[in-house]
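In: Below are the sequence and a predicted model; questions follow.
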Number of protein chains: 2
Amino acid sequence: MSNSRVNVRWVAEQAGVSPATVSRVSRGSAQVSPELRERVMRVIEEHGYRPNHFGRALAEKRHGSLGLVFPGLSGPYFSELIQGFESEALETGDQVLLLSSHYRSDTDAKVLDLAGRVDGMAIHAGTVSEAMIERVSQTIRVVVMAHKAGPAHASVSTDSGTVGTLTRHLLVEHGYRRLAFVGTPEGSPDVTARWEAFLAAHAETGARPPAGPTLVGLAQADGAIAAQKLLDSEEEPPDAVVCANDETALGLILGALGRGMRVPEDIAVTGFDDMPMAALVQPGLTTVRQPVRELATVTARLLHAPLTQRDGDTLLTTDVVLRGSCGCPDRPSGETGRDATAGGDS
Amino acid sequence: MSNSRVNVRWVAEQAGVSPATVSRVSRGSAQVSPELRERVMRVIEEHGYRPNHFGRALAEKRHGSLGLVFPGLSGPYFSELIQGFESEALETGDQVLLLSSHYRSDTDAKVLDLAGRVDGMAIHAGTVSEAMIERVSQTIRVVVMAHKAGPAHASVSTDSGTVGTLTRHLLVEHGYRRLAFVGTPEGSPDVTARWEAFLAAHAETGARPPAGPTLVGLAQADGAIAAQKLLDSEEEPPDAVVCANDETALGLILGALGRGMRVPEDIAVTGFDDMPMAALVQPGLTTVRQPVRELATVTARLLHAPLTQRDGDTLLTTDVVLRGSCGCPDRPSGETGRDATAGGDS
DNA sequence: TAGGTTCCTGAAACCGGTTTCTTGAGACCG
DNA sequence: CGGTCTCAAGAAACCGGTTTCAGGAACCTA
């Protein structure tokens, strides 16, 4: 803690005024005569007095901070998320408390601790039990990201339905027939929604229903594993693969190239995220761009607002980005493609 | 805040005991008769009482939290750093408060705010002015990362001297003659140290002194810019390039490949970090592995300790990792090369 | 049985600001 | 000149726990 000597009463004594006056001067909350204000200011500056955070927070009944709960910092998605959240919170003068679940089981308990130290909490899907989200929502403001809202908390997500648009693009424009999906729907609500959009597009276009998803995680290494499962098996390999995110897509591409296959000639690959690397690889990665930073800032803004007056679900739009990996012509980097065949998905 | 009704006095009243007894039961700090303990526990559980953080912190004069100040979340380096720090702090029961400088000028003020809310602060080089570090050090425990210790604060860094070993490897084993350095020494103490090690290796081996560094930032895009500067100029291009980190090295490789050059035949490239991508690209990136996670955990551990008893500077060892991009044979991924020619650098 | 320990418990002070309540002084008005 | 109104500023209560201190009861020993 430190300079425990320098507190309101001490400053008051030095300046020959009451603690109340010091408080009024330091926070500028009420009129103080120029003379006393001057006296108090001099003592404050001379001794570098700063009001103790606890005392102030205790009296104001407000923390001035927001919590952010997320699974882990793998890949650019969460980096961008944290960056955006922190940036927005800084803007409004809030501090950010971080809690990474690391997929551990004692996260719920940590969340309860955290809840006692923040005014609001952003919770990313797949980190905290529904029951705990519900419970915490009754104490402080809660916004979940990439998940559904509940009775007492709001939500912000990006539209996974665009995977349907992308899937139709592969089926209709390019005429691929054996599509595979890489990702574990049970793993997160995001992947669930993408898998469902993938299925729906097959149904809508009358395409042959695809096989079950290739169950792997979301890291680049998981893409390599998926390549092994899909390309080294006895069965006929797919001619196009829709991956749950860009990282697995890149891992898959590396795996395919390593086996002497060409992308997209022998196998087309798509991702989700539009992370920076997607535009830099050869061929460029066809993917869905989601506004991660906006996801974070919108969440932070909701949390800062004094009360959540039925904010419900916020859905941010996403866009198909066509590059070389699906069979489209690869544009020079810097350009970005936008899908023409809109509609269909909410 | 919430259940303001449920506080020590209220619980005490319900259980028919004094607030002191409730405190003793809730924190288990002293002996309480089984009967009273039982009565109090029942009320606590029934109404979900949790001691208010402010009240407790105020009385204990301790925050139970650590601050982490870093420039921004670009690339895997800072992801790993935050992850490691958060993970270690969680272990010891501390909360983590994040402050990203975004290279803004008002960071010093934010740091002062933060200092009032944490027991200790980890500051990454290049974010906070020396004067402010000094000032904050007098209030709370401070550890700087990738920088030098000061009179009142400790430091933890990774050894940049290994760049010297790597440079000698390029000069002596491979016989390259026109080496270039990509990175801005003034930009950060890390890059400064790497540049100096690069120079020192030239001097030691009697090689022709290199030209000045190619001044760019640390992102992948900066590597592309460096490629432009180095390869599109009138002068003879270098035959080997030592980059300040892996990201610029990858950007440079992409730039070289895009110009029809071969790596390492036409130009050798090395990085620093050994980020995951380094082992996955073709050819594999020769680089220096630095233990980023350890950097973070050691820092967190130092901060948790009650007092910094002259911890001074901690230097973590780094290793050269030889892969294909410098001209060495590319090993199958999974294997890692360790440099044989040790010594020389502290 | 007196005296000394040991163990439990509650009263009260304390951590450091903020805010309400109250008082006193000075200004304004009839 | 008396009364009211306004405004500055201090006293005290309050936010919610923790801890010291002191007292009382039970237990032990001589």
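Out: Nice, thanks for sending it over.
In: Am I right that residue A:9 sits in a helix?
Out: Yes: according to DSSP: H, G, I helix; E, B strand; the rest coil, residue A:9 belongs to a helix.
In: since we're on the closest residue to it other than its chain neighbours, how many residues are nearby?
Out: Spatial nearest neighbour of residue A:9, chain neighbours left out: residue A:19 (5.2 Å); criterion: Cβ to Cβ, 6 or more residues apart in numbering or on different chains. Every residue, glycine included, has its C-beta placed from N, CA and C. For residue A:19, the neighbour count with other Cβ atoms under 10 Å in any protein chain shown is 14.
In: With residue A:219 instead?
Out: 17.
In: Hmm, residue A:73 and it touching each other?
Out: No: because the distance of 11.6 Å does not satisfy Cβ atoms under 8 Å, residue A:219 is recorded as not touching residue A:73.
In: Could I get the pLDDT score of the residue nearest to residue A:9?
Out: If you check residue A:19, the pLDDT there is 94.
In: quick one: it from residue A:139, how far?
Out: 31 Å (Cβ to Cβ, to the nearest Å).
In: Please apply the same query to residue A:6.
Out: Residue A:6 is 34 Å from residue A:139, by Cβ to Cβ.
In: Off-centre distance for the least confident helix or strand in chain A by mean pLDDT?
Out: Counting by mean pLDDT, DSSP states H and E, chain A has its least confident helix or strand at helix A:276-280, which shows a mean of 86. Distance of helix A:276-280 from the chain centroid (Cα atoms, centre = their mean, to the nearest Å) equals 19 Å.
In: Residues contacting the helix or strand harbouring residue A:40, please?
Out: Assigned by DSSP states H and E, residue A:40 belongs to helix A:34-47. Applying Cβ atoms under 8 Å, 6 or more residues apart in numbering or on different chains, the external contacts of helix A:34-47 come out as A:3, A:6, A:11, A:14-17, A:21-22, A:25-26, A:32, A:49.
In: Is that helix positioned near DNA strand D?
Out: Yes: applying Cβ under 7 Å from any atom of the strand, one finds helix A:34-47 touching DNA strand D at A:35-37.
In: Helices along the stretch 201-346 of chain A, start to end?
Out: Under the criterion DSSP state H, counting those that start in this stretch, the stretch 201-346 of chain A contains helices at A:220-231, A:246-258, A:276-280, A:292-304.
In: residue contacts, residue A:98?
Out: Here residue A:98 is in contact with A:67-68, A:82, B:82, B:86, B:96-98 (criterion: Cβ under 8 Å, 6+ apart).
In: Wait, a helix at it?
Out: No: assessed with three-state DSSP, residue A:98 is strand; it does not lie in a helix.
In: Throw the contacts of residue A:98 into TSV and include distance to DNA strand D and pLDDT, thanks.
Out: Formatted as TSV, the contacts of residue A:98 follow (distance: Cβ to the nearest atom of the strand, whole Å; pLDDT from 0 to 100):
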residue	distance to DNA strand D	pLDDT
A:67	19	98
A:68	24	98
A:82	30	97
B:82	30	97
B:86	25	97
B:96	22	97
B:97	21	98
B:98	26	97
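In: which residues touch the residue nearest to residue A:268 when sequence neighbours are not counted?
Out: Among residues not flanking residue A:268 along the chain, residue A:240 sits closest, at 4.0 Å (Cβ to Cβ, 6+ apart). Contact partners of residue A:240, counting by Cβ under 8 Å, 6+ apart, are A:170, A:174, A:176, A:178-180, A:264, A:267-270, A:326.
In: Where strands are concerned, which of these count?
Out: Mapping these onto strands (DSSP state E) picks out A:179-180, A:268-270.
In: Dump those residues to CSV, plus neighbour count and pLDDT.
Out: Below are those laid out as CSV (neighbours: other Cβ atoms under 10 Å in any protein chain shown; pLDDT from 0 to 100):
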residue, neighbour count, pLDDT
A:179, 22, 97
A:180, 23, 97
A:268, 23, 98
A:269, 29, 98
A:270, 29, 98
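In: follow-up on the earlier one: close enough to count as contact, the residue nearest to residue A:9 and residue A:10?
Out: No: contact between residue A:19 and residue A:10 fails when scored by Cβ under 8 Å: they sit 9.3 Å apart.
In: who touches both of those two?
Out: By Cβ under 8 Å, 6+ apart, no residue touches both residue A:19 and residue A:10.
In: What segments of chain A are strands?
Out: Under DSSP E, chain A gives strands at A:65-70, A:95-100, A:120-124, A:141-145, A:154-158, A:179-182, A:240-243, A:268-270, A:287-289, A:313-316, A:319-321.
In: Contact partners for the spatially most central residue of chain A?
Out: Of all residues in chain A, the one closest to the mean position by Cα atoms, centre = their mean is residue A:81, 4.3 Å from it. Each residue near residue A:81 by Cβ under 8 Å, 6+ apart is listed here: A:70, A:124, A:145, A:292-293, A:295-296.
In: how about low-confidence regions in chain A?
Out: A:1-4, A:306-310, A:332-346 (pLDDT under 70).
In: swap the cut-off to 80 and go again
Out: Residues of chain A that meet the criterion pLDDT under 80 lie in A:1-5, A:234, A:280, A:306-311, A:331-346.
In: can you put the ones in strands among the contacts of residue A:240 in JSON lines and add distance to DNA strand C?
Out: Converted to JSON lines, those look like this (distance: Cβ to the nearest atom of the strand, whole Å):
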{"residue": "A:179", "distance to DNA strand C": "61"}
{"residue": "A:180", "distance to DNA strand C": "60"}
{"residue": "A:268", "distance to DNA strand C": "61"}
{"residue": "A:269", "distance to DNA strand C": "57"}
{"residue": "A:270", "distance to DNA strand C": "54"}
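In: could I get the residues you listed as CSV with distance to residue B:60?
Out: Listed next are the ones in strands among the contacts of residue A:240 as CSV, based on distance: Cβ to Cβ, whole Å:
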residue, distance to residue B:60
A:179, 59
A:180, 56
A:268, 60
A:269, 55
A:270, 54
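In: and which of those residues is nearest DNA strand D?
Out: residue A:270 (52.2 Å; Cβ to the nearest atom of the strand).
In: Identify the bridge partners of the closest one.
Out: residue A:242, residue A:286 (DSSP bridges).
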